[in-house]
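A.B. asks: Have a look; sequence and predicted model below, questions after that.
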Amino acid sequence: MINDILWIMFLVALGVQLIYILFIFGRLSYSNKNKNSGKNNGNMEGVTIVVAAHNEKANLKKLIPILCSQDYPNYDVMIINDRSFDGTRVLLEKMMAIYPQLRTVTIKYTPDHVTSKKYALTLGIKVAKNDVLLLTDADCVPQSDQWIRLMTAPVREEGKTFALGYSPYEKDVGILNKWIQFETLWTGMLYFSFALWGAPFMGVGRNLCYRRGFFMEKKAFKDLWQIECGDDDLFINKYANGKNTTVVINPLCNTLSKPKSTWKNYFLQKKRHFHAGKYYRSKDKLKIGLYSFSHLLFWVCSISLTIFHGINQNWEQFSLIIGITIVRSILLTSVFTSARKKLEGNTKVYWTTFFDVIYLGYFWIVGTLGYQSKKVRWK
């Protein structure tokens with residue numbers, strides 16, 4: 001009886017997993033389409049790059065020259081100096097004398113009823129010179145001088161409201177960095193795949209484009225002010241749909257971010273990300289929850305059946321379970337490999353099955369802590 005129940009749950013979970021792996025994630029991994037080439041130079045509408053920075057002097061010193069050397073004829077760079085006390089203001093004054101595209105807004109305080117990053121972004125966007133906004137963070141670096149041209153093309157040329165980009169992390173040694181690479185690719189594959197299916201539900205502020213007019217029309221972060229996080233994914237979740245949103249798939253338009261170097265800082269960051277998830281639309285929670293629950297059920301049943309038939313020396317069913325598990329792992333690795341090639345131009349994906357199992361604990365433990373937390377902070 002127990003064996004029959006485990007088999008039923010196992011096969012149901014397997015079916016759901018295969019639908020996600022082959023049909024949903026496969027939309028990104030196996031599609032021959034390379035969205036938004038950006039080769040049409042007919043509309044070179046002005047673009048404002050927006051960066052909110054709190055005590056980011058060292059990163060800005062590196063980032064600003066890169067932003068100001070983009071191959072695009074009509075843009076400016078807006079650095080929002082959010083309550084910094086590390087010499088950021090002096091640095092910006094010096095750099096504005098060197099780079100004519102550079103502008104800055106200084107935030108001296110944050111009102112009690114709003115959250116710091118949303119407040120800083122809102123004030124900066126209000127005075128932005130151009131209607132097309134391209135957002136990134138101070139610790140991110142565009143991967144080519146074509147970043148503006150490629151990332152803004154859907155908004156400038158196709159009439160889209162949102163263009164979602166990808167932002168991987170720098171590679172380093174150690175298990176933490178390998179995990180960060182896996183989890184970032186997984187997250188990117190998740191939101192890119194659903195966006196390609198016409199059901200976008202999030203984006204990342206490290207690489208995101210939308211129009212200032214739309215932002216102001218929606219009264220900035222209305223109904224989101226009280227939430228510390230979510231200036232990117234919650235804003236997208238609230239307003240993005242299959243008609244007004246697209247993704248930009250090209251390694252040349254990625255922004256490379258600095259990863260956390262300690263497990264403590266990493267978990268604090270991810271706790272904040274999971275905290276935002278509680279405010280997603282119900283249908284988007286269902287998308288993520290269905291995969292996550294079937295993922296958990298698959299591995300619980302797989303391991304239970306393997307142990308059960310191993311103890312009872314039923315080698316035929318034991319081998320069948322092992323075989324199914326291996327086939328699923330091969331398919332998942334194939335999808336991850338193809339997705340990484342599309343998003344990063346890199347075909348090497350390591351330890352997929354190992355991290356796929358580790359993801360169970362990560363999602364259900366860290367995710368639960370983040371979901372239940374009452375308060376998180378940006379900086």
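C.D. replies: Thanks, I have the structure now.
A.B. asks: From residue 244, how far out is the nearest residue to residue 194 once chain neighbours are set aside?
C.D. replies: Leaving aside its sequence neighbours, residue 194 sits nearest to residue 201 (C-beta to C-beta, 6 or more residues apart in numbering; 5.8 Å). (Glycine included, C-beta is placed from N, CA and C.) For residue 201, the distance to residue 244 equals 13 Å [C-beta to C-beta, to the nearest Å].
A.B. asks: ok but residue 81 is inside a strand, no?
C.D. replies: Yes - assessed by DSSP: H, G, I helix; E, B strand; the rest coil, residue 81 belongs to a strand.
A.B. asks: Give me the below-cutoff pLDDT ranges for this structure.
C.D. replies: The chain contains residues with pLDDT under 70 at 31-42, 225, 228, 230, 371-379.
A.B. asks: so what are the domain limits for it?
C.D. replies: Domain assignment of the chain by automatic domain parsing yields the ranges 2-28+283-348, 34-174+199-258.
A.B. asks: Out of these, flag the one nearest residue 193.
C.D. replies: Closest approach to residue 193 among these is made by domain 2-28+283-348 (4.5 Å; C-beta to C-beta).
A.B. asks: next one: phi and psi at the residue nearest to residue 194?
C.D. replies: When quoted as degrees, to the nearest 10, the phi and psi of residue 201 stand at phi -140, psi -10.
A.B. asks: same thing with residue 146?
C.D. replies: phi -100, psi 10.
A.B. asks: End to end on stretch 215-223, go ahead and measure it.
C.D. replies: Terminal residues of stretch 215-223 lie 13 Å apart, using C-alpha to C-alpha, to the nearest Å.
A.B. asks: Pick the most buried one from the domains of the chain.
C.D. replies: domain 34-174+199-258 (a mean of 19; mean count of other C-beta atoms under 10 Å).
A.B. asks: now that domain, how far from the chain's geometric center?
C.D. replies: Taking C-alpha atoms, centre = their mean, to the nearest Å, one finds the center of domain 34-174+199-258 at 14 Å from the center of the full chain.
A.B. asks: re earlier: need the domains of the chain in a markdown table with distance to residue 366, can you?
C.D. replies: Shown next, in a markdown table, are the domains of the chain (distance: least, C-beta to C-beta, whole Å):
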| stretch | distance to residue 366 |
| --- | --- |
| domain 2-28+283-348 | 12 |
| domain 34-174+199-258 | 14 |
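A.B. asks: between these, which gets nearest to residue 182?
C.D. replies: With respect to residue 182, and counting by C-beta to C-beta, the nearest of these is domain 2-28+283-348 at 8.1 Å.
A.B. asks: Now the terminal residues of that closest one, how far apart.
C.D. replies: 40 Å.
A.B. asks: How about residue 358, nearest residue that isn't a chain neighbour?
C.D. replies: Going by C-beta to C-beta, 6+ apart, residue 358 has residue 179 as its nearest residue, at 7.2 Å.
A.B. asks: go on, residue 227?
C.D. replies: Among residues not flanking residue 227 along the chain, residue 279 sits closest, at 6.1 Å (C-beta to C-beta, 6+ apart).
A.B. asks: so how many other residues sit close to that neighbour?
C.D. replies: 16 (other C-beta atoms under 10 Å).
A.B. asks: SS state for it?
C.D. replies: Taken by three-state DSSP, the conformation at residue 279 corresponds to coil.
A.B. asks: quick one on the thing from earlier: next up, the contacts around the residue nearest to residue 194.
C.D. replies: Residue 201 makes contacts with 191, 194, 195, 236, 237, 240, 280, 281, 284, 287, as judged by C-beta atoms under 8 Å, 6 or more residues apart in numbering.
A.B. asks: roughly how far apart are the third one and residue 302?
C.D. replies: Computed as C-beta to C-beta, the residue 195 to residue 302 distance reads 31 Å.
A.B. asks: Equivalent analysis for residue 184, please.
C.D. replies: Residue 184 is 26 Å from residue 302, by C-beta to C-beta.
A.B. asks: doesn't residue 75 make contact with residue 49?
C.D. replies: Yes - with contacts counted by C-beta atoms under 8 Å, residue 49 reaches residue 75, the gap being 6.6 Å.
A.B. asks: Overlap in contacts, those two.
C.D. replies: Counting by C-beta under 8 Å, 6+ apart, the residues touching both residue 49 and residue 75 are residue 148.
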